[in-house]
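[1] let's see this in three dimensions:
(chains A, B, C, D, E, F, G, H, I, J, K and L)
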Number of protein chains: 12
Amino acid sequence: MSNHVYKLIELTGSSPQGIEAAIENAITRAAKTVRNMRWFEVTNTRGQIENGKIAHYQVTLKVGFTLEG
Amino acid sequence: MSNHVYKLIELTGSSPQGIEAAIENAITRAAKTVRNMRWFEVTNTRGQIENGKIAHYQVTLKVGFTLEG
Amino acid sequence: MSNHVYKLIELTGSSPQGIEAAIENAITRAAKTVRNMRWFEVTNTRGQIENGKIAHYQVTLKVGFTLEG
Amino acid sequence: MSNHVYKLIELTGSSPQGIEAAIENAITRAAKTVRNMRWFEVTNTRGQIENGKIAHYQVTLKVGFTLEG
Amino acid sequence: MSNHVYKLIELTGSSPQGIEAAIENAITRAAKTVRNMRWFEVTNTRGQIENGKIAHYQVTLKVGFTLEG
Amino acid sequence: MSNHVYKLIELTGSSPQGIEAAIENAITRAAKTVRNMRWFEVTNTRGQIENGKIAHYQVTLKVGFTLEG
Amino acid sequence: MSNHVYKLIELTGSSPQGIEAAIENAITRAAKTVRNMRWFEVTNTRGQIENGKIAHYQVTLKVGFTLEG
Amino acid sequence: MSNHVYKLIELTGSSPQGIEAAIENAITRAAKTVRNMRWFEVTNTRGQIENGKIAHYQVTLKVGFTLEG
Amino acid sequence: MSNHVYKLIELTGSSPQGIEAAIENAITRAAKTVRNMRWFEVTNTRGQIENGKIAHYQVTLKVGFTLEG
Amino acid sequence: MSNHVYKLIELTGSSPQGIEAAIENAITRAAKTVRNMRWFEVTNTRGQIENGKIAHYQVTLKVGFTLEG
Amino acid sequence: MSNHVYKLIELTGSSPQGIEAAIENAITRAAKTVRNMRWFEVTNTRGQIENGKIAHYQVTLKVGFTLEG
Amino acid sequence: MSNHVYKLIELTGSSPQGIEAAIENAITRAAKTVRNMRWFEVTNTRGQIENGKIAHYQVTLKVGFTLEG
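    Numbering: from 1, shown residues only, chains lettered A, B, ... in the order given. Next up, the predicted model:
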């Protein structure tokens, strides 16, 4: 059990609503194809500006998931 | 078109409400004097504490904008 | 007055609600035993994922407080 | 549209001709199996030396591409 | 031959026995599905503690392998 | 339960036997006064050399433990 | 003479031709309004990909120039 | 009041006398044109050597100042 | 003897006089309550500016001390 | 054979022609006195500006070579 | 006595047996030509993989030694 | 002239008097055997503590010098 091996993938989620929403969009999209996700770590927070306002946040994160068997 | 040159400036926005509000305050203030802002990147997130509570968040960001002609 | 000495401690707060809530949980808990907290700086933002959703955010921060006399 | 999610992969391209050629070799190879690549970022530049001369450059880059649907 | 392109993946191996054992568990697991692995680089060394003792080491590494054709 | 707050302390353990032994010495010593330790992360690995041989390894680590109530 | 003060600005130049061309575009554009530029340092190298090919390189650099009087 | 926005600029000061003198030269020069400077942070300390002696120190710092209204 | 365990604490000292004075203020204050301090390492050098002059330097340092028995 | 020991030296090469030329100048010069060079890694890319144009590129690299016997 | 000057060199040791053995190989080889070595610090841990197994570990370290007279 | 190649060496100077004195001790010692030193860059500032006071400062620096012909 303590010999688990995890793989980390790196994703960028985006959202006009904020940082947490951008993270959640990335996790939700990844959950369609990746099972057994266990943790994430934010590596970059940025965003696009249009007409002097924030158009959307873009948050890059590493996601770790258990490799089965 | 692909030969654009951008300048990056570094700003710290603050807000008692949270991280996104601090970022937005910085962008809104910059928009008064800077045109053609295109993106931002968060480089530091901190805050002031008063009487055991967060008085305000302070978020430092780099903002990139297109240099005209 | 300008010869103050500060100590920095490192804490990880967690919350299912978001990044600010995790920071605030850490500050609130520290305020039970630490007086004169002055500032914090976020050093890491991560979280746990369960069943393809974010179970809680975990934010690590350094907190600075004035050492008396 | 602003809710796109991107995946980042990390590649090392090599070439005896120079840094840009090494980057282009990596992108060209990736294009065989990855669609919708959008940007890259160089994370390391190195090379092999043989008989006192540069045998080839090796450039490591992260490549971001849009995850569909 | 000097135009090889490599892909890097990031893995976390764990073991109660030590750092090398955690690295080897990650490589052994990856070898089930990845061919032509060439090198690894350790990016993080940590572990879990239970009852005042190290329960297992967790070592994160990047693994580079040759992309065929 | 997901609102736990953790404190991180930084320790340097040393041992003539190797890296894991230095880590374990630090954890064992900390366990005398710190309860509920949960994880560690290595931040520096170094050592002293005497007469052309390694006299002892010195490993610096951060240790996280749960703050009660 | 050895008491000179310099200011550093950060720019991103872009070019479809390569890294040096992107740097030179940034310097040429800056030279229109900044006098006494003395040195630059590359802080980031990236680019945009379109249809599986590099559309243009984007190089971020700090540029130092002497502040007069 | 807690919604202040600050701008950061980066300067290199030099002095044959030492590190503090180089910092003070940079601040004094900046004070000619920048109002409301609030803090600085050293990002690099270097110097020039001539005839086996230090000719002058060069200290790079970020300076933060309040953006008015 | 070579199995010593050290604890590291992080302090910020301040002084209007300079960097060394700020470091010494931090060490002197710590010596009131911490025994067996062995080394320090500077992790940040900054300061406050008032009326275009440096009001005081603030130097953050890690201090290592031997944990007894 | 797998017990080779390598030494790393750090060099800065310069050239008015570009980044690769600066790297090659450094390697060519080192080859006059260093045998068995095996690899290099770029650690810094900068340059001098004169009259609003790049006078020469300066690239710092670490070079690894096999220590014999 | 407290005015000692030290030089740091950077070495990569390798060994099929593990991280400590790779470090010790580097120190042992350096001891043939370098006197008064005092400490080392690990800056990189990596390795070569052959046929899905670790062929040898490669550990890069800085070694400090006292410069005489 | 713009094709100069420089070598960088890393030194640690120490002094009970302060940071600049430690740097100067390192440069003075190096000048006994190294010609054509051109610049230095501080990479670490630390010190030893004895009986609750700073016994000496230790400053690590890289020193660049021109490689002749």
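[2] who in chain A is up against chain K?
    Residues of chain A lying close to chain K (Cβ under 8 Å from any Cβ of the partner chain): none. In this view, the C-beta of every residue, glycine as well, is placed from N, C-alpha and C.
[3] can you tell me how far residue A:58 is from residue D:11?
    From residue A:58 across to residue D:11, the span is 21 Å (Cβ to Cβ, to the nearest Å).
[4] how long is stretch A:31-43 end to end?
    The straight-line separation of the ends of stretch A:31-43 (Cα to Cα, to the nearest Å) is 19 Å.
[5] show me how far that stretch is from its chain's centre.
    The chain centre lies 7 Å from the centre of stretch A:31-43; the measure is Cα atoms, centre = their mean, to the nearest Å.
[6] could you grab the helix/strand/coil label for residue A:23?
    helix (DSSP: H, G, I helix; E, B strand; the rest coil).
[7] over to residue A:58?
    Residue A:58 ends up strand, using three-state DSSP.
[8] got the contact list for the residue nearest to it when sequence neighbours are not counted?
    Of all residues not flanking residue A:58 in the chain, residue A:14 sits nearest, at 4.7 Å (Cβ to Cβ, 6 or more residues apart in numbering or on different chains). Shown in contact with residue A:14 (Cβ atoms under 8 Å, 6 or more residues apart in numbering or on different chains): A:22, A:25, A:56-59, D:2-6.
[9] pLDDT of the helix or strand where residue A:14 lies, averaged?
    Using DSSP states H and E, residue A:14 sits within strand A:5-15. For strand A:5-15, mean pLDDT rounds to 98.
[10] who touches residue A:17 in this structure?
    residue A:57.
[11] and the gap between the residue with the largest distance to the centre of chain A and residue A:58?
    Farthest-out residue of chain A from its mean C-alpha position, per Cα atoms, centre = their mean: residue A:51, at 26.9 Å. Computed as Cβ to Cβ, the residue A:51 to residue A:58 distance reads 18 Å.
[12] and what of residue A:8?
    Taking Cβ to Cβ, one finds residue A:8 at 19 Å from residue A:58.
[13] so between these two, which is more surrounded?
    residue A:58 (23 against 20; other Cβ atoms under 10 Å in any protein chain shown).
[14] confirm for me that the more buried one is in contact with residue A:18.
    No: in this structure, residue A:58 is not within contact of residue A:18 by Cβ atoms under 8 Å, at 11.6 Å.
[15] the residue of chain A found nearest chain L: what secondary structure?
    Ranking the residues of chain A by distance to chain L (Cβ to the nearest Cβ) places residue A:43 first, at 24.8 Å. Applying three-state DSSP to residue A:43 yields a three-state assignment of strand.
[16] quick one: contacts for the residue nearest to it when sequence neighbours are not counted?
    Of all residues not flanking residue A:43 in the chain, residue A:60 sits nearest, at 5.0 Å (Cβ to Cβ, 6+ apart). Residue A:60 is in contact with A:10-12, A:42-46, D:8, counting by Cβ under 8 Å, 6+ apart.
[17] repeat that for residue A:45.
    Contacts of residue A:45 (Cβ under 8 Å, 6+ apart): A:19, A:57-60, B:41-42.
[18] over to residue A:38?
    A:6, A:64-66, C:48-49.
[19] okay, those residues in CSV with secondary structure, neighbour count and distance to residue K:32 next?
    Formatted as CSV, the contacts of residue A:38 follow (DSSP: H, G, I helix; E, B strand; the rest coil; neighbours: other Cβ atoms under 10 Å in any protein chain shown; distance: Cβ to Cβ, whole Å):
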residue, secondary structure, neighbour count, distance to residue K:32
A:6, strand, 22, 42
A:64, strand, 20, 44
A:65, strand, 18, 48
A:66, strand, 14, 47
C:48, strand, 17, 51
C:49, strand, 21, 52
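[20] for these, which one is nearest chain G?
    Closest approach between those and chain G, by Cβ to the nearest Cβ: residue A:64, at 25.4 Å.
[21] tell me how far that closest one lies from chain B.
    According to Cβ to the nearest Cβ, to the nearest Å, residue A:64 stands 22 Å off from chain B.
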